[in-house]
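Participant: mind folding the following:
(one chain, ligands or ions: 1)
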Amino acid sequence: MARRSFDDGSSAVPPALPGEVERVVVVGAGIAGLTVANALTSAGVDCVVVEARDRIGGRLHTVEVGGHVADLGGAWIHHPEDGNVLAGWVDLAGVPWIVDPTGTRFTGADLGEHRRLSDAELEHVGYGVFDPLGQAFAAELAAGGRDRSVAAVVDEYLATYGPEDGERERLRQLMAAAVEQDGAGPLDGISARWALTEDMFVGDVVDNVPIGGYRTVLAPLAGASEVRLRRPVRRITQTATGVQVDGDDWSESGSHVVVTVPLGVLKAGAIAFSPPLPAERSEVIDRTGFGTMEKVFLAFEEPFWRAADPGLSHAVIYPADRAQAATWTWDFGLAPVMMFLVAHSAVEAMRRDPRAWAVEQLEALYGGPLPAGPVDVRATDWAHDERALGAYAHVRPGESSADFALLGEPVGRIAFAGEHTTVGRAGYADGAMETGLREAKRLLRRGSVELTAPDVVS
Ligand SMILES: Cc1cc2nc3c(=O)[nH]c(=O)nc-3n(C[C@H](O)[C@H](O)[C@H](O)COP(=O)(O)OP(=O)(O)OC[C@H]3O[C@@H](n4cnc5c(N)ncnc54)[C@H](O)[C@@H]3O)c2cc1C
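Facilitator: Next comes the predicted model:
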(Lines give C-alpha, C1' and ligand atoms only; values in the text may rest on other atoms or scores of the structure.)
Protein backbone atom coordinates (compact mmCIF):
# COMPACT_ATOMS: atom_id res chain seq x y z
CA MET A 1 0.00 0.00 0.00
CA ALA A 2 1.14 3.52 -0.77
CA ARG A 3 -0.25 6.46 1.20
CA ARG A 4 0.13 10.16 0.79
CA SER A 5 -1.40 13.26 2.25
CA PHE A 6 -3.58 15.41 -0.05
CA ASP A 7 -5.56 18.61 0.35
CA ASP A 8 -7.95 20.53 -1.85
CA GLY A 9 -5.54 23.36 -2.53
CA SER A 10 -5.86 24.75 0.98
CA SER A 11 -4.75 23.54 4.41
CA ALA A 12 -7.75 25.24 6.06
CA VAL A 13 -10.20 22.97 7.86
CA PRO A 14 -13.72 23.46 6.41
CA PRO A 15 -16.50 24.21 8.96
CA ALA A 16 -17.62 20.95 10.58
CA LEU A 17 -21.01 19.31 10.10
CA PRO A 18 -23.25 18.85 13.18
CA GLY A 19 -22.86 15.60 15.14
CA GLU A 20 -20.11 13.06 15.57
CA VAL A 21 -18.97 11.36 12.37
CA GLU A 22 -19.74 7.67 12.88
CA ARG A 23 -20.87 6.28 9.53
CA VAL A 24 -20.87 8.11 6.22
CA VAL A 25 -23.02 7.23 3.21
CA VAL A 26 -21.52 8.52 -0.05
CA VAL A 27 -23.98 8.86 -2.94
CA GLY A 28 -22.23 8.29 -6.30
CA ALA A 29 -19.07 6.40 -7.22
CA GLY A 30 -17.57 8.98 -9.57
CA ILE A 31 -14.16 10.44 -8.85
CA ALA A 32 -15.54 12.82 -6.18
CA GLY A 33 -17.36 10.06 -4.27
CA LEU A 34 -14.51 7.57 -4.56
CA THR A 35 -12.10 10.19 -3.24
CA VAL A 36 -14.24 10.82 -0.14
CA ALA A 37 -14.57 7.08 0.43
CA ASN A 38 -10.86 6.41 -0.01
CA ALA A 39 -9.93 9.15 2.47
CA LEU A 40 -12.49 8.06 5.08
CA THR A 41 -11.60 4.38 4.71
CA SER A 42 -7.89 5.28 4.98
CA ALA A 43 -8.70 7.11 8.23
CA GLY A 44 -10.62 4.11 9.58
CA VAL A 45 -14.06 5.77 9.39
CA ASP A 46 -17.03 3.56 8.53
CA CYS A 47 -18.21 4.49 5.03
CA VAL A 48 -20.31 3.00 2.24
CA VAL A 49 -20.72 4.23 -1.35
CA VAL A 50 -24.08 3.70 -3.08
CA GLU A 51 -23.97 3.97 -6.86
CA ALA A 52 -26.91 3.81 -9.26
CA ARG A 53 -24.98 2.33 -12.20
CA ASP A 54 -23.50 -1.15 -12.49
CA ARG A 55 -20.00 0.34 -12.59
CA ILE A 56 -17.84 2.92 -10.86
CA GLY A 57 -16.46 6.04 -12.54
CA GLY A 58 -19.54 8.06 -13.52
CA ARG A 59 -18.49 10.50 -16.23
CA LEU A 60 -15.08 8.85 -16.39
CA HIS A 61 -15.95 5.75 -18.38
CA THR A 62 -13.39 3.69 -20.24
CA VAL A 63 -14.74 1.22 -22.82
CA GLU A 64 -13.34 -0.67 -25.79
CA VAL A 65 -14.04 0.45 -29.32
CA GLY A 66 -12.78 -2.04 -31.88
CA GLY A 67 -10.87 -3.70 -29.03
CA HIS A 68 -9.05 -0.47 -28.13
CA VAL A 69 -9.28 1.75 -25.07
CA ALA A 70 -11.61 4.73 -25.44
CA ASP A 71 -12.71 7.17 -22.75
CA LEU A 72 -16.32 8.15 -23.35
CA GLY A 73 -16.16 10.90 -20.74
CA GLY A 74 -13.00 12.54 -19.48
CA ALA A 75 -9.83 11.42 -21.25
CA TRP A 76 -7.25 14.05 -20.33
CA ILE A 77 -5.67 15.08 -17.07
CA HIS A 78 -5.80 18.78 -17.86
CA HIS A 79 -3.20 21.19 -16.48
CA PRO A 80 -1.34 18.42 -14.62
CA GLU A 81 1.29 20.81 -13.30
CA ASP A 82 1.10 23.08 -10.24
CA GLY A 83 -0.16 20.75 -7.56
CA ASN A 84 -2.95 19.12 -9.59
CA VAL A 85 -4.34 16.52 -7.13
CA LEU A 86 -5.23 14.09 -9.89
CA ALA A 87 -1.69 14.12 -11.25
CA GLY A 88 -0.54 13.52 -7.66
CA TRP A 89 -2.89 10.56 -7.33
CA VAL A 90 -1.77 9.07 -10.67
CA ASP A 91 1.78 9.32 -9.43
CA LEU A 92 0.97 7.65 -6.08
CA ALA A 93 -1.04 4.86 -7.74
CA GLY A 94 1.65 4.25 -10.39
CA VAL A 95 -0.77 4.78 -13.28
CA PRO A 96 1.11 4.89 -16.62
CA TRP A 97 0.46 8.04 -18.65
CA ILE A 98 1.76 10.01 -21.60
CA VAL A 99 1.83 13.69 -22.46
CA ASP A 100 -0.81 14.27 -25.15
CA PRO A 101 1.41 13.93 -28.22
CA THR A 102 -0.77 15.86 -30.66
CA GLY A 103 1.17 19.03 -29.90
CA THR A 104 0.61 22.25 -31.76
CA ARG A 105 0.32 20.91 -35.31
CA PHE A 106 -3.18 20.95 -36.80
CA THR A 107 -4.73 20.21 -40.11
CA GLY A 108 -8.18 21.30 -41.08
CA ALA A 109 -10.99 20.94 -43.58
CA ASP A 110 -14.02 22.99 -44.53
CA LEU A 111 -17.05 20.82 -45.22
CA GLY A 112 -18.88 23.76 -46.81
CA GLU A 113 -16.13 24.32 -49.36
CA HIS A 114 -15.27 20.60 -49.63
CA ARG A 115 -11.56 21.15 -49.22
CA ARG A 116 -8.59 20.95 -46.92
CA LEU A 117 -7.45 24.26 -45.50
CA SER A 118 -3.98 25.69 -45.89
CA ASP A 119 -1.67 26.42 -42.97
CA ALA A 120 -2.29 30.12 -43.51
CA GLU A 121 -6.02 29.59 -43.23
CA LEU A 122 -5.51 27.69 -39.99
CA GLU A 123 -3.30 30.25 -38.37
CA HIS A 124 -6.08 31.35 -35.99
CA VAL A 125 -6.38 27.85 -34.59
CA GLY A 126 -5.45 27.65 -30.94
CA TYR A 127 -6.51 29.15 -27.64
CA GLY A 128 -4.33 32.20 -28.35
CA VAL A 129 -7.27 33.46 -30.40
CA PHE A 130 -8.98 34.32 -27.11
CA ASP A 131 -6.19 36.44 -25.67
CA PRO A 132 -7.19 39.81 -27.15
CA LEU A 133 -10.85 39.05 -26.59
CA GLY A 134 -10.36 38.12 -22.93
CA GLN A 135 -8.22 41.19 -22.28
CA ALA A 136 -10.68 43.55 -23.96
CA PHE A 137 -13.60 42.04 -22.09
CA ALA A 138 -11.79 42.16 -18.74
CA ALA A 139 -11.11 45.86 -19.34
CA GLU A 140 -14.77 46.39 -20.24
CA LEU A 141 -15.89 44.71 -17.00
CA ALA A 142 -13.39 46.71 -14.98
CA ALA A 143 -14.88 49.87 -16.46
CA GLY A 144 -18.31 48.86 -15.19
CA GLY A 145 -19.46 46.79 -18.18
CA ARG A 146 -22.02 44.05 -17.64
CA ASP A 147 -21.67 40.38 -18.31
CA ARG A 148 -22.94 39.05 -21.62
CA SER A 149 -22.97 35.73 -23.44
CA VAL A 150 -19.79 34.65 -25.18
CA ALA A 151 -21.77 34.70 -28.44
CA ALA A 152 -22.55 38.42 -28.03
CA VAL A 153 -18.92 39.27 -27.30
CA VAL A 154 -17.50 37.11 -30.07
CA ASP A 155 -19.95 38.47 -32.66
CA GLU A 156 -19.17 42.06 -31.73
CA TYR A 157 -15.45 41.37 -31.92
CA LEU A 158 -15.69 39.66 -35.30
CA ALA A 159 -17.94 42.38 -36.74
CA THR A 160 -15.56 45.15 -35.74
CA TYR A 161 -12.23 43.62 -36.52
CA GLY A 162 -12.60 40.11 -37.73
CA PRO A 163 -10.99 38.84 -40.92
CA GLU A 164 -12.63 38.39 -44.36
CA ASP A 165 -16.02 36.72 -44.70
CA GLY A 166 -15.20 32.99 -45.14
CA GLU A 167 -12.45 33.24 -42.59
CA ARG A 168 -14.66 35.14 -40.18
CA GLU A 169 -17.29 32.41 -40.23
CA ARG A 170 -14.67 29.76 -39.61
CA LEU A 171 -13.15 31.78 -36.78
CA ARG A 172 -16.56 31.96 -35.13
CA GLN A 173 -17.01 28.21 -35.54
CA LEU A 174 -13.63 27.68 -33.98
CA MET A 175 -14.36 29.95 -31.03
CA ALA A 176 -17.71 28.25 -30.56
CA ALA A 177 -15.97 24.87 -30.53
CA ALA A 178 -13.52 25.90 -27.84
CA VAL A 179 -16.08 27.57 -25.57
CA GLU A 180 -18.88 25.05 -26.08
CA GLN A 181 -16.57 22.10 -25.54
CA ASP A 182 -14.94 23.49 -22.45
CA GLY A 183 -18.19 24.87 -21.01
CA ALA A 184 -20.58 22.14 -22.20
CA GLY A 185 -23.29 24.51 -23.31
CA PRO A 186 -24.40 26.80 -26.14
CA LEU A 187 -22.25 29.81 -27.06
CA ASP A 188 -25.17 32.13 -26.32
CA GLY A 189 -25.83 30.47 -22.95
CA ILE A 190 -22.35 30.79 -21.41
CA SER A 191 -21.14 33.79 -19.43
CA ALA A 192 -18.38 35.75 -21.15
CA ARG A 193 -17.04 36.92 -17.80
CA TRP A 194 -16.61 33.34 -16.68
CA ALA A 195 -15.43 31.78 -19.94
CA LEU A 196 -13.15 34.54 -21.17
CA THR A 197 -11.71 36.00 -17.99
CA GLU A 198 -11.93 33.35 -15.27
CA ASP A 199 -12.03 29.88 -16.67
CA MET A 200 -10.30 27.84 -19.28
CA PHE A 201 -8.58 30.22 -21.59
CA VAL A 202 -6.14 31.31 -18.92
CA GLY A 203 -2.58 29.98 -19.08
CA ASP A 204 -0.92 27.36 -21.25
CA VAL A 205 -2.69 24.15 -22.01
CA VAL A 206 -0.67 21.05 -21.15
CA ASP A 207 -2.46 17.73 -20.86
CA ASN A 208 -1.61 14.18 -19.85
CA VAL A 209 -3.46 11.02 -20.90
CA PRO A 210 -3.62 7.79 -18.83
CA ILE A 211 -2.46 5.10 -21.26
CA GLY A 212 -5.02 2.51 -20.18
CA GLY A 213 -7.82 5.07 -19.91
CA TYR A 214 -9.39 6.55 -16.79
CA ARG A 215 -10.35 3.12 -15.45
CA THR A 216 -6.70 2.69 -14.49
CA VAL A 217 -7.01 5.85 -12.38
CA LEU A 218 -10.33 4.97 -10.73
CA ALA A 219 -9.88 1.28 -9.93
CA PRO A 220 -7.09 1.95 -7.41
CA LEU A 221 -9.03 4.93 -6.04
CA ALA A 222 -11.98 2.64 -5.25
CA GLY A 223 -9.35 0.43 -3.57
CA ALA A 224 -10.57 -0.94 -0.26
CA SER A 225 -13.77 1.14 -0.11
CA GLU A 226 -17.15 -0.57 0.17
CA VAL A 227 -19.04 0.27 -3.02
CA ARG A 228 -22.58 -1.00 -3.62
CA LEU A 229 -23.56 -0.88 -7.28
CA ARG A 230 -27.10 -0.76 -8.74
CA ARG A 231 -28.33 1.35 -5.82
CA PRO A 232 -30.15 4.39 -7.26
CA VAL A 233 -30.91 6.75 -4.41
CA ARG A 234 -34.48 8.12 -4.40
CA ARG A 235 -34.71 9.90 -1.04
CA ILE A 236 -32.39 11.37 1.58
CA THR A 237 -33.94 12.02 4.98
CA GLN A 238 -32.19 14.07 7.60
CA THR A 239 -33.10 13.94 11.30
CA ALA A 240 -31.58 15.55 14.38
CA THR A 241 -29.38 12.51 14.93
CA GLY A 242 -28.49 11.20 11.49
CA VAL A 243 -29.42 10.52 7.88
CA GLN A 244 -31.28 7.83 5.99
CA VAL A 245 -30.65 7.12 2.33
CA ASP A 246 -33.37 5.18 0.55
CA GLY A 247 -33.67 3.36 -2.74
CA ASP A 248 -36.69 1.40 -3.94
CA ASP A 249 -35.99 -1.71 -1.89
CA TRP A 250 -32.99 -0.87 0.23
CA SER A 251 -31.92 1.65 2.82
CA GLU A 252 -28.69 2.86 4.39
CA SER A 253 -28.39 4.95 7.51
CA GLY A 254 -25.48 6.92 8.83
CA SER A 255 -24.43 9.93 10.80
CA HIS A 256 -23.78 11.91 7.57
CA VAL A 257 -24.17 11.70 3.81
CA VAL A 258 -22.07 13.13 0.97
CA VAL A 259 -24.06 13.71 -2.23
CA THR A 260 -21.90 13.66 -5.37
CA VAL A 261 -24.49 13.12 -8.11
CA PRO A 262 -24.16 15.33 -11.21
CA LEU A 263 -25.86 18.71 -11.30
CA GLY A 264 -28.14 17.39 -14.06
CA VAL A 265 -29.46 14.75 -11.66
CA LEU A 266 -30.09 17.37 -8.95
CA LYS A 267 -31.84 19.62 -11.49
CA ALA A 268 -34.13 16.76 -12.52
CA GLY A 269 -35.15 16.23 -8.89
CA ALA A 270 -34.25 12.55 -9.11
CA ILE A 271 -33.45 12.56 -5.39
CA ALA A 272 -36.07 13.86 -2.93
CA PHE A 273 -34.69 15.57 0.15
CA SER A 274 -36.59 15.48 3.42
CA PRO A 275 -36.83 18.13 4.71
CA PRO A 276 -36.58 19.80 1.27
CA LEU A 277 -33.39 21.69 0.41
CA PRO A 278 -33.60 25.39 1.30
CA ALA A 279 -35.21 27.52 -1.43
CA GLU A 280 -31.92 29.40 -2.05
CA ARG A 281 -30.19 26.09 -2.79
CA SER A 282 -32.89 24.99 -5.22
CA GLU A 283 -32.57 28.34 -7.00
CA VAL A 284 -28.80 27.91 -7.42
CA ILE A 285 -29.33 24.38 -8.74
CA ASP A 286 -31.84 25.74 -11.27
CA ARG A 287 -29.80 28.69 -12.49
CA THR A 288 -26.41 27.02 -12.86
CA GLY A 289 -25.73 25.89 -16.42
CA PHE A 290 -25.33 22.22 -17.25
CA GLY A 291 -25.26 21.36 -20.94
CA THR A 292 -23.79 18.85 -23.28
CA MET A 293 -20.62 17.86 -25.06
CA GLU A 294 -20.35 14.54 -26.82
CA LYS A 295 -17.76 12.33 -28.47
CA VAL A 296 -17.66 9.96 -31.43
CA PHE A 297 -14.99 7.28 -31.87
CA LEU A 298 -14.09 5.53 -35.11
CA ALA A 299 -11.86 2.45 -34.78
CA PHE A 300 -9.95 1.12 -37.80
CA GLU A 301 -7.76 -1.88 -38.54
CA GLU A 302 -4.87 0.46 -39.31
CA PRO A 303 -4.16 4.11 -38.51
CA PHE A 304 -3.78 4.87 -42.24
CA TRP A 305 -4.06 8.63 -41.64
CA ARG A 306 -0.75 8.73 -39.74
CA ALA A 307 1.20 7.53 -42.76
CA ALA A 308 -0.71 9.87 -45.09
CA ASP A 309 0.04 12.93 -42.98
CA PRO A 310 0.91 12.94 -39.26
CA GLY A 311 -0.96 16.24 -39.00
CA LEU A 312 -4.24 14.41 -39.58
CA SER A 313 -4.00 13.09 -36.02
CA HIS A 314 -5.16 16.45 -34.82
CA ALA A 315 -7.53 18.50 -36.90
CA VAL A 316 -10.27 21.08 -36.88
CA ILE A 317 -13.23 20.55 -39.20
CA TYR A 318 -15.70 23.29 -40.07
CA PRO A 319 -19.30 22.15 -40.75
CA ALA A 320 -21.08 23.54 -43.81
CA ASP A 321 -23.77 24.89 -41.49
CA ARG A 322 -21.96 27.91 -40.06
CA ALA A 323 -24.25 27.94 -37.01
CA GLN A 324 -22.54 24.75 -35.87
CA ALA A 325 -19.27 24.78 -33.96
CA ALA A 326 -16.18 23.21 -35.49
CA THR A 327 -15.26 19.65 -34.58
CA TRP A 328 -11.89 18.69 -33.17
CA THR A 329 -10.33 15.32 -33.90
CA TRP A 330 -7.75 13.64 -31.73
CA ASP A 331 -5.60 10.56 -32.09
CA PHE A 332 -3.32 10.00 -29.09
CA GLY A 333 -1.16 7.61 -31.10
CA LEU A 334 -2.00 4.72 -28.76
CA ALA A 335 -4.50 2.88 -30.98
CA PRO A 336 -6.00 3.13 -34.50
CA VAL A 337 -8.88 5.14 -33.10
CA MET A 338 -9.93 8.65 -34.08
CA MET A 339 -11.85 10.64 -31.48
CA PHE A 340 -14.19 13.49 -32.48
CA LEU A 341 -15.18 16.13 -29.92
CA VAL A 342 -18.70 17.31 -30.67
CA ALA A 343 -19.61 20.72 -29.28
CA HIS A 344 -23.11 21.60 -28.12
CA SER A 345 -24.32 23.20 -31.38
CA ALA A 346 -23.05 20.30 -33.51
CA VAL A 347 -24.55 17.49 -31.43
CA GLU A 348 -27.92 17.36 -33.19
CA ALA A 349 -26.32 16.92 -36.63
CA MET A 350 -24.01 14.22 -35.30
CA ARG A 351 -26.86 12.31 -33.64
CA ARG A 352 -28.71 11.66 -36.91
CA ASP A 353 -26.02 9.19 -38.01
CA PRO A 354 -22.80 9.30 -35.98
CA ARG A 355 -20.93 6.93 -38.29
CA ALA A 356 -21.76 8.81 -41.52
CA TRP A 357 -21.16 12.13 -39.75
CA ALA A 358 -17.68 11.15 -38.58
CA VAL A 359 -16.66 9.37 -41.80
CA GLU A 360 -17.60 12.47 -43.83
CA GLN A 361 -15.31 14.57 -41.66
CA LEU A 362 -12.42 12.18 -41.89
CA GLU A 363 -12.81 11.91 -45.67
CA ALA A 364 -12.67 15.69 -45.97
CA LEU A 365 -9.42 15.67 -44.04
CA TYR A 366 -8.01 12.70 -45.87
CA GLY A 367 -8.89 14.27 -49.18
CA GLY A 368 -11.10 11.49 -50.56
CA PRO A 369 -12.60 8.08 -49.76
CA LEU A 370 -10.92 6.30 -46.86
CA PRO A 371 -8.78 3.25 -47.75
CA ALA A 372 -10.91 1.16 -45.36
CA GLY A 373 -14.08 1.73 -43.39
CA PRO A 374 -14.24 1.79 -39.60
CA VAL A 375 -14.47 -1.58 -37.85
CA ASP A 376 -16.31 -0.09 -34.90
CA VAL A 377 -18.12 3.14 -34.04
CA ARG A 378 -19.25 4.58 -30.72
CA ALA A 379 -21.08 7.83 -30.00
CA THR A 380 -21.85 9.13 -26.53
CA ASP A 381 -25.16 10.48 -25.29
CA TRP A 382 -24.38 12.10 -21.97
CA ALA A 383 -27.29 14.49 -22.46
CA HIS A 384 -29.81 11.66 -22.10
CA ASP A 385 -27.87 9.43 -19.71
CA GLU A 386 -30.23 9.48 -16.72
CA ARG A 387 -27.33 9.32 -14.25
CA ALA A 388 -25.71 12.44 -15.69
CA LEU A 389 -28.24 14.36 -17.87
CA GLY A 390 -25.43 16.42 -19.36
CA ALA A 391 -21.67 16.70 -19.49
CA TYR A 392 -20.56 19.29 -16.94
CA ALA A 393 -21.39 22.67 -15.44
CA HIS A 394 -20.99 26.22 -16.70
CA VAL A 395 -21.93 29.74 -15.64
CA ARG A 396 -24.81 31.33 -17.53
CA PRO A 397 -24.63 34.99 -18.68
CA GLY A 398 -25.16 37.35 -15.77
CA GLU A 399 -24.66 34.64 -13.15
CA SER A 400 -21.56 34.11 -11.03
CA SER A 401 -19.00 31.38 -10.55
CA ALA A 402 -19.57 31.93 -6.80
CA ASP A 403 -22.63 29.72 -7.34
CA PHE A 404 -20.30 26.73 -7.62
CA ALA A 405 -19.15 27.43 -4.05
CA LEU A 406 -22.78 27.65 -2.88
CA LEU A 407 -23.48 24.27 -4.49
CA GLY A 408 -20.70 22.83 -2.30
CA GLU A 409 -22.10 24.23 0.97
CA PRO A 410 -23.43 21.57 3.35
CA VAL A 411 -27.07 21.50 4.43
CA GLY A 412 -27.14 20.17 8.00
CA ARG A 413 -25.68 16.66 7.91
CA ILE A 414 -25.67 16.55 4.11
CA ALA A 415 -22.39 17.46 2.39
CA PHE A 416 -22.10 18.03 -1.36
CA ALA A 417 -19.21 17.29 -3.73
CA GLY A 418 -18.68 16.90 -7.48
CA GLU A 419 -17.31 18.90 -10.39
CA HIS A 420 -20.08 21.51 -10.09
CA THR A 421 -19.08 22.39 -6.51
CA THR A 422 -15.67 23.98 -7.13
CA VAL A 423 -15.04 27.52 -8.33
CA GLY A 424 -11.48 27.09 -9.58
CA ARG A 425 -11.74 23.81 -11.49
CA ALA A 426 -15.44 23.38 -12.27
CA GLY A 427 -16.02 20.80 -14.99
CA TYR A 428 -12.69 19.05 -14.59
CA ALA A 429 -12.02 15.61 -13.13
CA ASP A 430 -9.28 17.01 -10.89
CA GLY A 431 -11.74 19.66 -9.69
CA ALA A 432 -14.20 16.90 -8.77
CA MET A 433 -11.41 15.09 -6.93
CA GLU A 434 -10.56 18.27 -5.01
CA THR A 435 -14.16 18.53 -3.84
CA GLY A 436 -13.97 14.97 -2.54
CA LEU A 437 -10.83 15.92 -0.60
CA ARG A 438 -12.58 19.03 0.73
CA GLU A 439 -15.53 17.02 2.06
CA ALA A 440 -13.24 14.35 3.54
CA LYS A 441 -11.35 17.14 5.32
CA ARG A 442 -14.65 18.50 6.61
CA LEU A 443 -15.74 15.12 7.96
CA LEU A 444 -12.35 14.26 9.43
CA ARG A 445 -11.84 17.82 10.75
CA ARG A 446 -8.34 18.03 9.34
CA GLY A 447 -6.43 20.32 7.01
CA SER A 448 -5.32 17.40 4.83
CA VAL A 449 -6.29 13.75 4.42
CA GLU A 450 -4.53 10.59 3.34
CA LEU A 451 -5.36 8.60 0.23
CA THR A 452 -4.29 4.98 -0.08
CA ALA A 453 -3.33 3.23 -3.32
CA PRO A 454 -3.00 -0.54 -3.60
CA ASP A 455 0.42 -1.87 -4.53
CA VAL A 456 1.18 -1.52 -8.22
CA VAL A 457 1.12 -4.90 -9.97
CA SER A 458 3.66 -4.83 -12.78
C1 LIG B 1 -17.64 13.98 -22.79
C2 LIG B 1 -16.89 14.44 -21.59
C3 LIG B 1 -15.53 14.72 -21.68
C4 LIG B 1 -14.82 15.15 -20.57
N5 LIG B 1 -13.48 15.36 -20.68
C6 LIG B 1 -12.76 15.65 -19.58
C7 LIG B 1 -11.35 15.62 -19.61
O8 LIG B 1 -10.75 15.28 -20.63
N9 LIG B 1 -10.67 15.96 -18.47
C10 LIG B 1 -11.32 16.29 -17.31
O11 LIG B 1 -10.64 16.64 -16.33
N12 LIG B 1 -12.66 16.24 -17.22
C13 LIG B 1 -13.38 15.89 -18.33
N14 LIG B 1 -14.74 15.76 -18.24
C15 LIG B 1 -15.39 16.07 -16.96
C16 LIG B 1 -15.21 14.93 -15.94
O17 LIG B 1 -15.55 13.71 -16.53
C18 LIG B 1 -16.10 15.24 -14.75
O19 LIG B 1 -15.82 16.53 -14.25
C20 LIG B 1 -15.92 14.26 -13.59
O21 LIG B 1 -15.85 12.94 -14.04
C22 LIG B 1 -17.09 14.45 -12.61
O23 LIG B 1 -16.91 13.60 -11.52
P24 LIG B 1 -18.00 13.60 -10.37
O25 LIG B 1 -17.57 12.62 -9.36
O26 LIG B 1 -18.28 14.99 -9.96
O27 LIG B 1 -19.36 13.12 -11.09
P28 LIG B 1 -19.72 11.72 -11.77
O29 LIG B 1 -18.53 11.12 -12.39
O30 LIG B 1 -20.88 11.96 -12.66
O31 LIG B 1 -20.14 10.82 -10.54
C32 LIG B 1 -21.42 10.90 -9.96
C33 LIG B 1 -21.95 9.50 -9.75
O34 LIG B 1 -23.27 9.59 -9.19
C35 LIG B 1 -24.02 8.52 -9.73
N36 LIG B 1 -25.46 8.79 -9.57
C37 LIG B 1 -26.25 9.59 -10.31
N38 LIG B 1 -27.50 9.56 -9.82
C39 LIG B 1 -27.49 8.73 -8.75
C40 LIG B 1 -28.47 8.30 -7.83
N41 LIG B 1 -29.75 8.73 -7.88
N42 LIG B 1 -28.11 7.42 -6.86
C43 LIG B 1 -26.83 6.98 -6.76
N44 LIG B 1 -25.86 7.34 -7.62
C45 LIG B 1 -26.18 8.22 -8.59
C46 LIG B 1 -23.59 8.49 -11.18
O47 LIG B 1 -23.91 7.26 -11.80
C48 LIG B 1 -22.09 8.71 -11.05
O49 LIG B 1 -21.38 7.50 -10.95
C50 LIG B 1 -15.48 15.30 -19.33
C51 LIG B 1 -16.83 14.99 -19.20
C52 LIG B 1 -17.55 14.56 -20.32
C53 LIG B 1 -18.99 14.20 -20.18
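Participant: what about the closest residue to residue 52 other than its chain neighbours, distance to residue 83?
Facilitator: Spatial nearest neighbour of residue 52, chain neighbours left out: residue 232 (3.8 Å); criterion: CB to CB, 6 or more residues apart in numbering. (C-beta placed from N, C-alpha, C; glycine too.) With distances defined as CB to CB, to the nearest Å, the gap from residue 232 to residue 83 amounts to 35 Å.
Participant: ok, now residue 439?
Facilitator: In this structure, residue 439 lies at 19 Å from residue 83, with CB to CB as the measure.
Participant: cool, residue 258 as well?
Facilitator: Using CB to CB, we find residue 258 at a distance of 23 Å from residue 83.
Participant: name the residues of the stretch 351-458 of the chain found near the ligand, please.
Facilitator: If contact is defined as CB under 6 Å from any ligand atom, the residues of the stretch 351-458 of the chain in contact with the ligand are 380, 382, 387-388, 391-392, 418-419, 427-430, 432.
Participant: kindly reformat these as a markdown table containing neighbour count and pLDDT.
Facilitator: Rendered in a markdown table, the data for these read as follows (neighbours: other CB atoms under 10 Å; pLDDT from 0 to 100):
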| residue | neighbour count | pLDDT |
| --- | --- | --- |
| 380 | 26 | 98 |
| 382 | 24 | 98 |
| 387 | 18 | 98 |
| 388 | 25 | 98 |
| 391 | 28 | 98 |
| 392 | 30 | 97 |
| 418 | 32 | 98 |
| 419 | 29 | 98 |
| 427 | 23 | 94 |
| 428 | 23 | 95 |
| 429 | 28 | 97 |
| 430 | 24 | 96 |
| 432 | 32 | 98 |
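Participant: among those, which ones are in strands?
Facilitator: Secondary structure of these is defined by DSSP state E; positions in strands are residue 392.
Participant: go through the residues of the stretch 351-458 of the chain next to the ligand and flag which are in helices.
Facilitator: With helices identified by DSSP state H, the entries of these that belong to them are 429, 430, 432.
Participant: quick one: contacts for residue 404?
Facilitator: With contact set as CB atoms under 8 Å, 6 or more residues apart in numbering, residue 404 has these partners: 288, 393, 395, 420, 421, 422, 423, 426.
Participant: try it again at 6 Å.
Facilitator: Counting by CB atoms under 6 Å, 6 or more residues apart in numbering, residue 404 makes contact with 422, 423, 426.
Participant: nearest to the ligand among those?
Facilitator: When these are ranked by distance to the ligand (CB to the nearest ligand atom), residue 426 comes first, at 8.2 Å.
Participant: not counting sequence-adjacent ones, nearest residue to the closest one?
Facilitator: Distances taken as CB to CB, 6+ apart place residue 404 nearest to residue 426, at 5.0 Å, with adjacent residues excluded.
Participant: same question for residue 355.
Facilitator: Leaving out its chain neighbours, residue 355 is closest to residue 377 (CB to CB, 6+ apart), at 4.5 Å.
Participant: give the other helices and strands that the helix or strand where that neighbour lies contacts.
Facilitator: Secondary-structure assignment from DSSP states H and E places residue 377 in strand 376-379. Packing contacts for strand 376-379, counted by 3 or more CB pairs under 6 Å, 6 or more residues apart in numbering; DSSP states H and E, involve strand 294-299.
Participant: could you point out which element follows the strand it packs on?
Facilitator: As assigned by DSSP H and E, the chain's next helix or strand after strand 294-299 is helix 304-308.
Participant: picking that back up, show me which of the ones in helices among the residues of the stretch 351-458 of the chain next to the ligand is closest to residue 267.
Facilitator: residue 432 (17.2 Å; CB to CB).
Participant: now for the closest one: which residues touch it?
Facilitator: 31, 32, 418, 419.
Participant: would you agree the residue nearest to residue 426 falls within a strand?
Facilitator: No: Residue 404 is assigned helix when assessed by DSSP: H, G, I helix; E, B strand; the rest coil, not a strand.
Participant: ok, and the most crowded of the contacts of residue 404?
Facilitator: Top of the contacts of residue 404 by neighbour number is residue 426, holding 29 neighbours under the definition other CB atoms under 10 Å.
Participant: which stretches in the stretch 201-350 of the chain count as helices?
Facilitator: If you assign secondary structure with DSSP state H, counting those that start in this stretch, the helices in the stretch 201-350 of the chain sit at 215-222, 263-267, 279-287, 304-308, 347-352.
Participant: closest one to residue 11 among those?
Facilitator: Each of these was checked against residue 11 via CB to CB, and the shortest separation belongs to helix 215-222, namely 22.0 Å.
Participant: for whichever residue of the stretch 101-250 of the chain sits closest to the ligand, what are its contacts?
Facilitator: Closest approach of the stretch 101-250 of the chain to the ligand (CB to the nearest ligand atom) occurs at residue 233, with a separation of 3.6 Å. When contacts are counted by CB under 6 Å, 6+ apart, residue 233 touches 27, 50, 245, 247, 271.
Participant: now do it, the pLDDT please.
Facilitator: We note a pLDDT of 98 for residue 233 in this prediction.
Participant: for it, which non-adjacent residue is closest in space?
Facilitator: Distance criterion CB to CB, 6+ apart; nearest residue to residue 233, sequence neighbours excluded, is residue 27 at 5.1 Å.
Participant: quick one, phi psi at the one you found?
Facilitator: Reported as degrees, to the nearest 10, the phi and psi values for residue 27 are phi -100, psi 110.
Participant: how close does it sit to the ligand?
Facilitator: With distances taken as CB to the nearest ligand atom, to the nearest Å, residue 27 is found 5 Å from the ligand.
Participant: what's residue 140 sitting at in phi/psi?
Facilitator: phi -60, psi -40.
Participant: and the end-to-end length of stretch 371-391?
Facilitator: From the first residue to the last, stretch 371-391 extends over 34 Å; the measure is CA to CA, to the nearest Å.
Participant: need the contact list for residue 318.
Facilitator: Residues counted as contacts of residue 318 (CB under 6 Å, 6+ apart) are 110, 170, 173, 326.
Participant: write out the residues of the stretch 151-300 of the chain neighbouring the ligand.
Facilitator: 232, 233, 260, 261, 262, 265, 270, 271, 293, 295.
Participant: direction included, what does the strand holding residue 377 pair up with?
Facilitator: With DSSP bridges as the criterion, the sheet partners recorded for strand 376-379 are strand 294-299 (antiparallel).
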